[in-house]
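1. Prediction below, plus the sequence it came from.
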Amino acid sequence: MARKRAAKDEPAPPTGPEMTPEERAALDGRLAKMLTKPHKSGDNDNYFLLWTQRDENDSPTVMMWHPETPEELRGAAYFHDAAHGLGEFAKTVAKGKRFRRSAEETALINAIIHDRDDETAYLVYADYLTEKGDTQGDFVRLCVELEHLKPGEPEYDTKYTRQQELIDAHGEDWYAALGKLGPRPEFYGRFVPWLWLSIARGVIEEVVIDRPVLLPERADRLFAAAPFLRKLEFEKGQVDPSLAKVKQLAQIEELEFSHADLTAEVLSKILKSKHLTRLKTLLLNGNEIGHAGVHELAVWPGLTRLEALDLTSCSIGPEGVTELAACKNTTNLVRLRIGSNAIDSDAVRAVLSSPHLKKLTELELSGSELDPIVAAEFRRAAFAKSLQRLDLESANLQPGALAELTRCAMPGLQSLNLNSVPLRGTAPASLANAVFAGTLTALSLDNCELGAVGIEEFCEGKFPKLTALDLSRNRLANRGGIALANAAKNFPAITSLKLWDNKLGPDAITALANSKLLANVTELDLNGNKIGPTGAIAIAKSKHLKNLKSFTVDEKTVGQKGKQALSDRFGEDVVSWREY
């Protein structure tokens, strides 16, 4: 059995500039508690950091730091740069020679890269590894075989269990060559091999570039260590313009530059690479590339090959969206995300009237403005029949816009996100009577100001295929909760129900516990509601919650008897206790 490294519960003390003992202690303390790296918003002299860390109960807590004094600015700069491995805190790339493979193995690898959809090539490679005594051969074979099985089938459980045993015992070995360079798949400081492994094929397909020199200077070593790479993700400050010269980009299908401080100028240089011949997904969200960056995309011939493009929070504005919508090279886009860019109704109209975006199945327009006339254009969009997912989170819907949208025939629409969109007046009734209500499988209505009256009107609608419903933060109160419980026949397929922070009391919780609405529910979130011991016991006694796999509840409100009842019924593996 392979020797395992000890889990990294705490990050190692950072390298970096000379600091006082107090500064070093403060930095080490923040890094030790950090769960997500701090996001910086603002300029160098007036900014704030936003991140998530563990609290004293080991629960995730969102933190914000707005440094003001010179000492605070210095400490915040240390924390930000150390967390991201920037400047004097940059992570090193271990020295060493290129990992060598035999000519036979190289030929098998190249055959797979040439056609990643060919399962036979993976199985031939699996046989080769097994003959060499490499445990990853069995793992690759199991991954391919499990793609053709479903949970519950006779062979599935046996193969799945064996798959997990292999990755637990030998995951470190499979990452050894890559680990010598430095990159390592971790989550909250723990080694998680699945992060970069292909679930369907069992080989390492992704890597995060989190240190300088790795690309482009160490490209040969990187791709020799992980030859099947399909996706490259770049962390903040790690994008080198000379990346364009890396010949191995020819096998890359996805590039992620999310919040990487990418500029329009650097983007232009990368897009000019002669090696980007297979790129299908380009994620640029969180980079201020502006209209200039969108123009570089619009004139880039490779845009014709893209299937997914993410431009959220890129400061592109209405002009950039309009130019992109008019671009003939967007004909193969399937997923387009352009929200959080101060997009007005005219820019949305340009997208909806584009004759080129006819293949879209996903469109994200969060924060955009829609008036009734533009909302009505959804019915005439080139992608009206193909659209499956529409995200309008925090959109500014003018009076009458939602009513027009719900009248638009979009026969393929499965997912609609209206989080943080106020649904007042006739809006809940319009949504209840939407022509696409019958096809929706996921509906997100978090923080929509529905209230008890609004949820009563919404519950008049029929949603026969809806499996995921998020009604969090809508102040439903007991009246609204009871109305939802009484509308079970209109939501027969619900498996995920989120009712976080709705001022639901024991009466509403008891009504829900006795409702067939919960008959198929596997995920239930009641956190932030004063459900009390009575409500908790009612949930524990519910005859409908036979399939529950995840239940989130506020520990403080249920009392000792309620907590014991829930624990006895569902077990600690199902119940997540939260302190609201």
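-> Cool, got the structure. Quantities reported herein were computed from a predicted structural model and do not represent experimental measurements. Residues are numbered from 1 along each chain as shown.
2. Please enumerate the strands of the stretch 151-300 of the chain.
-> Under the criterion DSSP state E, counting those that start in this stretch, strands of the stretch 151-300 of the chain are mapped to 186-187, 190-191, 206-209, 231-234, 254-256, 281-283.
3. Is it possible to get a markdown table of those strands that adds mean pLDDT and distance to residue 460?
-> Yep, even glycine has a C-beta here, placed from its N, CA and C like the rest. Compiled in a markdown table, these are given as follows (pLDDT from 0 to 100; distance: least, CB to CB, whole Å):
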| stretch | mean pLDDT | distance to residue 460 |
| --- | --- | --- |
| strand 186-187 | 82 | 43 |
| strand 190-191 | 87 | 47 |
| strand 206-209 | 96 | 46 |
| strand 231-234 | 97 | 45 |
| strand 254-256 | 98 | 43 |
| strand 281-283 | 98 | 40 |
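4. looking at those strands, which is closest to residue 145?
-> The closest of those to residue 145 is strand 206-209. By CB to CB, the value is 22.1 Å.
5. now that closest one: how far from the chain's centre is it?
-> 16 Å (CA atoms, centre = their mean, to the nearest Å).
6. now do stretch 236-254
-> 23 Å.
7. That one: which residues count as buried?
-> 236-241, 243-244, 246, 248-249, 251-254 (16 or more other CB atoms under 10 Å).
8. ok, now stretch 379-394?
-> Buried, per 16+ other CB under 10 Å, within stretch 379-394: 381-384, 386-394.
9. for it, the distance to its chain's centre please.
-> Computed by CA atoms, centre = their mean, the chain-centroid distance of stretch 379-394 equals 20 Å.
10. now do the same end-to-end measure for it.
-> As for stretch 379-394, its first-to-last residue distance stands at 22 Å under the measure CA to CA, to the nearest Å.
11. Where does the prediction get shaky in the stretch 51-200 of the chain?
-> Judged by pLDDT under 70, the stretch 51-200 of the chain has no weakly predicted residues.
12. which residues in it form helices?
-> 70-84, 103-114, 119-131, 136-146, 154-174, 176-179 (DSSP state H, counting those that start in this stretch).
13. I'd like to know which of those is closest to residue 433.
-> Using CB to CB, the nearest of the helices of the stretch 51-200 of the chain to residue 433 is helix 154-174, at 41.5 Å.
14. That closest one versus helix 136-146: what angle between them?
-> Going by axes from the mean of the first three to the mean of the last three CA atoms, to 10 degrees, helix 154-174 is angled at 140 degrees with respect to helix 136-146.
15. buried sites along helix 154-174?
-> Buried residues in helix 154-174 (16+ other CB under 10 Å): 159, 163, 166, 167, 170, 171, 172, 174.
16. From residue 478, how far off is the closest residue to residue 518 other than its chain neighbours?
-> Nearest residue to residue 518, sequence neighbours excluded (CB to CB, 6 or more residues apart in numbering): residue 544, at 4.2 Å. According to CB to CB, to the nearest Å, residue 544 and residue 478 sit 19 Å apart.
17. packing partners for the lengthiest strand in the chain?
-> Using DSSP state E, we find that the single longest strand of the chain is strand 47-54. Strand 47-54 sits against helix 21-33, strand 39-42, strand 60-65, helix 70-84, with contacts defined as 3 or more CB pairs under 8 Å, 6 or more residues apart in numbering; DSSP states H and E.
18. isn't residue 258 right up against residue 281?
-> No: if you go by CB atoms under 8 Å, residue 258 and residue 281 don't touch, sitting 11.8 Å apart.
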